[in-house]
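> output the structure for:
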Amino acid sequence: MKLLKSLSVLVVVFGGIYFALTYIKDNISVQDEKAVKYTSTEEIDYQVTFENMNVNNDQYWEFEVKFDTHTIELDELVKKEDINVFFDDEKILDEFIVLEKKGSGHHISYTLSILKENISKSEQSISEVTIKFNFENQEMVELIWSVKNYDWITE
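All right, here's what the predicted structure looks like:
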């Protein structure tokens, strides 16, 4: 009886491990660690993923930008003109930046896209990408990707 009980426990444990690993493999994408930047201020958590470091995109430079807070409303705070993107030290003009919003309230994400044909630089010619967030009444946040000699995905 003890043997049967022990075997049943082992089957349940190993079955659970198998299904958990299968779920993780099928539902969580592995990203280049260098592509994701995190930082926090007193009121806002920032997470930005430089998508071009994970997936080739011939048309756009793309960033997935996530903001989380439990103290302020982000809907009124986040404005395109308060987000500055630089390739090396060259500021990308606001009219070339497109923000697509997802979510509302305390948890908002955006896809920040820049049409490549509006930018004179290619992946291989850029050494550094910087995004600065300068929201009203908030601490300025700067995230930097060093991409000099980065092996860009071209498939």
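> just checking, which helix or strand of this structure averages the lowest pLDDT?
helix 2-27 (a mean of 51; mean pLDDT, DSSP states H and E).
> list the buried residues of whatever helix or strand comes next after it.
Sequence-wise, the next helix or strand downstream of helix 2-27 (DSSP states H and E) is strand 36-40. Buried residues in strand 36-40, counting neighbours by 16 or more other Cβ atoms under 10 Å, are found at 36-37. To be clear about C-beta, it is placed using only N, CA and C from the backbone, and glycine gets the same treatment.
> model confidence over the following helix or strand past strand 36-40, on average?
Using DSSP H and E, the next helix or strand after strand 36-40 towards the C-terminus is strand 45-50. Averaged over strand 45-50, pLDDT sits at 95.
> pairing partners for strand 45-50, with directions?
Strand pairing for strand 45-50, using DSSP bridges, gives strand 36-40 (antiparallel), strand 60-68 (antiparallel).
> give me the angle between the next helix or strand after the longest one and strand 60-68.
Yep, that's strand 60-68 we're talking about. Next along the chain after strand 60-68, taking DSSP H and E as the criterion, comes strand 83-87. Put simply, strand 83-87 runs at 140 degrees to strand 60-68, going by axes from the mean of the first three to the mean of the last three Cα atoms, to 10 degrees.
> contacts for strand 83-87, please.
Applying Cβ atoms under 8 Å, 6 or more residues apart in numbering, the external contacts of strand 83-87 come out as 63, 65, 91-92, 97, 99, 112, 114, 119, 121, 126, 128-134.
> average pLDDT for stretch 146-153?
Rounded mean pLDDT across stretch 146-153 is 78.
> from the chain's centroid, how far away is that stretch?
Distance of stretch 146-153 from the chain centroid (Cα atoms, centre = their mean, to the nearest Å) equals 17 Å.
> who's the most centrally placed residue in the chain bridged to?
Against the mean C-alpha coordinate of the chain, by Cα atoms, centre = their mean, the closest residue is T49 at 2.2 Å. Assessed by DSSP bridges, T49 has beta-bridge partners V36, E64.
> if I pick K66, what's in contact with it?
With Cβ under 8 Å, 6+ apart, K66 has these contacts: 46-48, 107-109.
> with that, I have no additional questions.
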